[in-house]
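Trainee: Return atomic coordinates for the entry below.
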Amino acid sequence: MPAVLGGGIGGLSAAYYLTRRYVNPVTVYESSNRLGGWIRSENHYDENFIFEAGPRTIRTKGPAASNTLELMEELNLNREIYPICDSHPAARNRMVYAKGQLCMLPNSLMGAFKTLPPFTKPLISALFHDLRAGSKIQKNNDESMYDFVHRRFGKEIADYAISPMICGICAGNAKEISVRFLMNDLFDWEQKYGGVIKGLLFRDKKKANKKQESGVLPKLAKDQNWSIYSIKGGLEMLPITLGGYLTNYSEIKLNSKCQNVSFHKDNTAEVRINGTNIPTDHVVSSLPAFKLAKAVELQHPDLADRLNKIQYVDVAVVNLQYRSPDLLEQEAFGFLVPPIENLPILGVIFDSCCFNMRGNTVLTCMMGGHWFEKLFGKNPTEKDILDVALKNVRDILGIEMQPKTSRVHILRKCIPQYTVGHKARVDGIRDYVKKHKLPLTLCGSAFDGVGVNDVILSSRIQVDQIVGSK
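Mentor: Prediction:
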């Protein structure tokens, strides 16, 4: 019976795909008293609003997105999806707060030809910068997002577009995050063709035009121009639904902490859960890398050392509800703050612009990340965090009203950082597992992408490899 460690979206997805491919049942061990991991929705049905402490929307473009939509379809969640189309303000309007003002990023081709703050040149000039930049072969086959974009497209794009985007995606520092985190293809085009634009022109068209997987929901999303979507009742309905499905075919054990994982010569393993050793024929871990490292360090210290090299950051999330529907001057997804501005927040999401929260303005303020301890110290109080959030909402958005309801979540080590060399580190970890013939499979956000789509697809691919080896 395979043992799945972790009841977040990675572990639940892995268990789901295992139940559809395996004859034997699966057991999921989750250390907390709930499923879902960092996906957490707080419903206030009586006042028509939802707080999200973690992810709230899922993207619809690309193979990983199609895979998630197919999963939604298999779970009969079609009618529960809340789509946001390309024409919606939350899809079209993205802002950064820079140079003392909220700046709307260009959302059309015409906008790229205009000089819009915070930029001092039209964005189209960045393409000419790439054509003039020439090629540069990287000895280690990797570099930081910031350095790559600075070199190819200029400092302003690196400072005011890419750096805040990295803050929004992984709360990270673009000067440390690997270019292969988000721009793997662009980096490869430069290395192969001598530039991003040249790569766009001369790349392998057959590979680039590979069709997405089929399915009713992926086709509907394409036909109706969905940009992003969530689920009625909050995104936590996805792990809740997965958990409900799994209870029909597998065991889910909450409050079950994995303390140790050991491997035997007969290609079996044992997991120690709450002091009891439980035999298993295969371990699927979706645990954060540092937690898995602690579980395997006695028997495999080198593997633990490799896992511990994957860094994580703390993030503070502050949810704010105002009992007024019209506090925002601009409808948008929200705004991000470039690190160059030296403000104590990463950005603010306009939840009530994304979703209908009748009679309410709902905001989510994201804070900390790579800079958490520098900004707030090691152990800030919830009041400290809330006060900083309210001050910045007041200063930037002009909202003087006090929120009717607020929530502060201090999420410790919640997002892995794909720093320069991450791909090589992950390859080394998986090579170690293969070399030592360990019945261990790795999925979750530490390895193949931090987004919901990436995590689910990683689980599917890794489970396919387990089944293929049997």
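Trainee: what bits of the chain have low per-residue confidence?
Mentor: Within the chain, the stretches falling below the threshold (pLDDT under 70) are 23, 137, 204-214, 468-470.
Trainee: Which residue ranges make up the domains of it?
Mentor: Here the domain assignment for the chain is 3-39+236-300+438-469, 90-208, based on automatic domain parsing.
Trainee: Deepest-packed of those, please.
Mentor: Across those, averaging neighbours per residue (mean count of other Cβ atoms under 10 Å) puts domain 3-39+236-300+438-469 on top, at a mean of 20. All C-beta spots, glycine's among them, are computed from the backbone N, C-alpha and C.
Trainee: distance between that one and the chain's centre?
Mentor: 19 Å (Cα atoms, centre = their mean, to the nearest Å).
Trainee: closest to residue 219 out of the domains of the chain?
Mentor: In this view, the domains of the chain are compared for proximity to residue 219 by Cβ to Cβ, and domain 3-39+236-300+438-469 is the closest at 17.0 Å.
Trainee: For the closest residue to residue 237 other than its chain neighbours, the count of nearby residues, please.
Mentor: The spatial neighbour of residue 237 that comes closest, neighbours along the chain excluded (Cβ to Cβ, 6 or more residues apart in numbering), is residue 231 at 4.4 Å. Counted by other Cβ atoms under 10 Å, the residues lying close to residue 231 total 20.
Trainee: any chance of the domains of the chain in CSV, plus distance to residue 374?
Mentor: Rendered in CSV, the data for the domains of the chain read as follows (distance: least, Cβ to Cβ, whole Å):
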stretch, distance to residue 374
domain 3-39+236-300+438-469, 21
domain 90-208, 11
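Trainee: picking up where we left off before, show me what the residue nearest to residue 237 bridges to in the sheet.
Mentor: For residue 231, the beta-bridge partners are residue 81 (DSSP bridges).
Trainee: Residue 44 now?
Mentor: When bridges are taken as DSSP bridges, the partners of residue 44 come out as residue 49.
Trainee: which ones are touching it?
Mentor: 50, 51, 321, 405 (Cβ atoms under 8 Å, 6 or more residues apart in numbering).
Trainee: now do residue 457
Mentor: Contacts for residue 457 were tallied using Cβ under 8 Å, 6+ apart; they are 63, 64, 67, 68, 448, 449.
Trainee: you'd agree residue 114 is up against residue 122?
Mentor: Yes. Taking contacts as Cβ atoms under 8 Å, residue 114 lies within contact range of residue 122: 5.9 Å.
Trainee: coming back round to it: would you point out the most distant pair within the contacts of residue 457?
Mentor: Once Cβ to Cβ is applied, these give 68 and 448 as the farthest pair, at 13.8 Å.
Trainee: Kindly present the contacts of residue 457 as JSON lines, with separate columns for distance to residue 396.
Mentor: Supplementary listing: the contacts of residue 457 in JSON lines, determined by distance: Cβ to Cβ, whole Å:
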{"residue": "63", "distance to residue 396": "37"}
{"residue": "64", "distance to residue 396": "33"}
{"residue": "67", "distance to residue 396": "37"}
{"residue": "68", "distance to residue 396": "33"}
{"residue": "448", "distance to residue 396": "35"}
{"residue": "449", "distance to residue 396": "30"}
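Trainee: among those residues, which are in helices?
Mentor: Secondary-structure check on those using DSSP state H: residues within helices are 63, 64, 67, 68.
Trainee: ok, so of the contacts of residue 44, who is nearest residue 453?
Mentor: Using Cβ to Cβ, residue 50 comes nearest to residue 453 of the contacts of residue 44, at 20.9 Å.
Trainee: Could you find the closest non-adjacent residue to that closest one?
Mentor: In space, residue 50 is closest to residue 234, 4.9 Å off (Cβ to Cβ, 6+ apart).
Trainee: The one you found: which element?
Mentor: Here residue 234 is covered by no helix or strand, with elements defined by DSSP states H and E.
Trainee: Sketch out the strands for the stretch 201-350 of the chain, chain order is fine.
Mentor: For the stretch 201-350 of the chain, the strands defined by DSSP state E, counting those that start in this stretch cover 226-231, 251-253, 258-263, 269-273, 276-280, 283-285, 311-322, 334-336, 347-350.
Trainee: Between the ones you listed, which one is closest to residue 430.
Mentor: Across the strands of the stretch 201-350 of the chain, the minimum distance to residue 430, taken as Cβ to Cβ, is reached by strand 283-285, at 12.0 Å.
Trainee: Could you list the paired strands of that closest one along with their orientation?
Mentor: Strand 283-285 has the following sheet partners, assigned by DSSP bridges: strand 3-5 (parallel), strand 440-442 (parallel).
Trainee: can you list those strands in CSV and add distance to residue 459?
Mentor: Converted to CSV, the strands paired with strand 283-285 look like this (distance: least, Cβ to Cβ, whole Å):
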stretch, distance to residue 459
strand 3-5, 9
strand 440-442, 9
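Trainee: To residue 414, which of the ones you listed lies closest?
Mentor: Ranking these by proximity to residue 414 (Cβ to Cβ) places strand 3-5 first, at 17.4 Å.
Trainee: Understood, closing this out.
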